[in-house]
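>>> Below are the sequence and a predicted model for it; my questions follow.
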Amino acid sequence: MNVPLWAWLAVLAGILVMLAIDLFAHRRAHVIGVREAAAWSAFWVALGVGFGALIWTVYGAEFGAQYFSGYVIEKSLSVDNVFIWAIIFGYFAVPRQYQHRVLFYGVVGALVFRGAMIAAGSALLGSFAWLVYVFGAFLILTGIKMLRQRDEHADLSKSRILRWFRSRVPHTDGFRGQRFWVREGGVLLATPLLSVLVMIELTDVIFAVDSIPAIFAVTQEPFLVFTANAFAILGLRALYFLLADL
């Protein structure tokens with residue numbers, strides 16, 4: 001699959017424009033209702049499917065099918081993030097009107113981290129094709145572990161990373177609107193929203209360790225792997241707010 005540099009740049013520019021539109025549309029803190037969440041969810045799904053149709057038209061049915069397979073895999077596996085977000089927001093008692101801002105930056109960080117992991121994975125598979133079997137074995141072991149721990153629940157109070165982060169970075173005793181940092185008494189302090197963001201980014205990296213090897217089993221085209229991940233992740237915030245009340 002020969003993807004010119006301008007196509008990569010066009011996709012990245014398009015993602016940035018969509019993120020800017022999303023941020024502008026939610027510039028004021030407010031509780032996102034089911035109707036608004038449903039509309040945004042439909043918008044992001046339509047973009048993902050529309051991009052797949054474009055791939056199908058330009059590069060043919062084989063690559064189009066690979067994209068859609070990867071998109072469905074990533075969308076399915078990313079639903080786990082939605083429930084973990086609910087646990088994190090519940091643990092920190094984050095007001096609903098502040099949740100979108102945290103998830104926005106969480107998604108931006110997820111795109112950066114996953115882009116780096118995809119680049120590394122593509123380079124490794126390009127040099128060592130047998131690693132795909134290592135990825136497969138890793139996914140089998142992960143599935144067995146999840147099956148054994150299916151009745152366990154995430155307990156953030158036991159998170160060593162969270163305890164370490166809060167012990168190293170001074171925090172305020174409560175939220176300060178949508179801000180992650182504030183200066184009080186001449187001292188720069190983090191708000192609880194920053195801890196929430198750290199945990200969201202951490203959990204996404206953990207989930208990406210599973211989902212990225214899974215999509216490499218479907219396609220090893222970096223362009224398809226990245227775009228399928230990107231369009232699946234972009235719609236997660238709307239999906240979260242759509243299911244939040246449940």
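Cool, the structure landed.

>>> any low-confidence regions in the chain?
149-155, 245-246 (pLDDT under 70).

>>> repeat that with 50
Residues of the chain meeting the criterion pLDDT under 50: none.

>>> Just the helices from it, written as ranges.
5-25, 34-59, 61-92, 96-127, 131-148, 160-168, 192-216, 222-234, 236-243 (DSSP state H).

>>> Would you mind giving both backbone torsions of Gly235?
Main-chain torsions, Gly235, degrees, to the nearest 10: phi -90, psi 0.

>>> ditto for Val3
According to degrees, to the nearest 10, Val3 has phi -110, psi 110.

>>> Kindly report the same for Phe180.
Dihedral angles (degrees, to the nearest 10) for Phe180: phi -90, psi -30.

>>> could you measure the residue sitting furthest away from the middle of the chain against Ala116, distance?
In the chain, Gly185 marks the outermost C-alpha relative to the chain mean, sitting 35.6 Å out by Cα atoms, centre = their mean. Noted for Gly185: a distance of 38 Å to Ala116, by Cβ to Cβ, to the nearest Å. (Each C-beta comes from the backbone N, C-alpha and C, glycine too.)

>>> Let me see the contact set for Glu36.
Phe241 (Cβ atoms under 8 Å, 6 or more residues apart in numbering).

>>> run the last query once more with 10 Å
The contact partners of Glu36, by Cβ atoms under 10 Å, 6 or more residues apart in numbering, come to 25-26, 30, 238, 241-242.

>>> same deal with Phe207?
Counting by Cβ under 10 Å, 6+ apart, Phe207 has contacts 77-78, 80-81, 84, 110, 114.

>>> Swap in 6 Å and give it another go.
Neighbouring residues of Phe207 by Cβ atoms under 6 Å, 6 or more residues apart in numbering: 80-81.

>>> quick one: it from Arg148, how far?
18 Å.

>>> and if you look at Ser127?
For Ser127 relative to Arg148 (Cβ to Cβ), the value is 34 Å.
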